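[1] Sequence and predicted model, in that order:
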Amino acid sequence: IDSSHESILAGMGCSDGHLCGKNCSTCCLVLSVWGVIFLLVTGGFFKSKAMAFIPDIEAGHRTGEAMEEAGNACFIAAGMYVATFIISYWQIQVNNRKEAGINAGYTQVGN
């Protein structure tokens with residue numbers, strides 16, 4: 001990273017790879033796991049042309065092809081949630097390392 005990018009990252013407070021806190025990244029991780037599961041199941045139902053999902057397709061376009069497209073859209077969205085999971089997991093690791101570094105700087109005083 002050149003100096004101009006370093007100054008931008010430092011201004012944003014993420015020069016060390018830290019983008020969000022531990023609680024935020026944990027929340028995003030849990031929601032992304034749920035999103036992946038939900039969208040894979042929903043996409044599978046659309047692909048199998050489940051009758052319960054027909055009303056979810058726009059009226060006048062309720063064809064097998066439209067069900068296939070909806071299933072593909074669910075799978076693409078699930079892939080985006082996988083990317084969110086990876087970024088969230090990375091942020092948890094960054095926060096754990098940062099926290100370990102802070103705690104290592106303190107020494108325990110005897111009783």
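    Cool, got the structure. Being a predicted model, the structure only gives us computed values, none of them experimental.
[2] what's G60 sitting at in phi/psi?
    Dihedral pair for G60: phi 90, psi -10, per degrees, to the nearest 10.
[3] and it, how many neighbours does it have?
    7 (other C-beta atoms under 10 Å). Any C-beta I mention is one placed from the backbone N, CA and C, and that applies to glycine too.
[4] for Q91, same thing?
    Neighbours around Q91, by other C-beta under 10 Å: 21.
[5] Just the element for the spatially most central residue of the chain, please.
    Nearest to the mean C-alpha position of the chain, counting by C-alpha atoms, centre = their mean, stands T84 at 1.8 Å. Following DSSP states H and E, one finds T84 within helix 64-104.
[6] If you average the pLDDT over that helix, what comes out?
    Across helix 64-104, the average pLDDT comes to 90.
[7] swap in stretch 18-29?
    Averaging pLDDT residue by residue across stretch 18-29 gives 89.
[8] List of residues touching it?
    Contacts to stretch 18-29, defined as C-beta atoms under 8 Å, 6 or more residues apart in numbering, come from residues 84-85, 87-89, 91-92, 94-96, 98-99.
[9] dump the residue contacts of I57.
    Contact analysis of I57 by C-beta under 8 Å, 6+ apart lists 66-67, 70.
[10] Sorry, slip of the keys, the one I care about is V82.
    By C-beta under 8 Å, 6+ apart, V82 lies in contact with 32, 36.
[11] what do you get for the one 3 residues further on?
    Counting by C-beta under 8 Å, 6+ apart, F85 makes contact with 29, 32-33, 36.
[12] circling back: and the residue nearest to the centre of the chain, how close does it get to G60?
    Using C-beta to C-beta, to the nearest Å, T84 is found at 34 Å from G60.
[13] Also L40?
    28 Å.
[14] again with T26
    44 Å.
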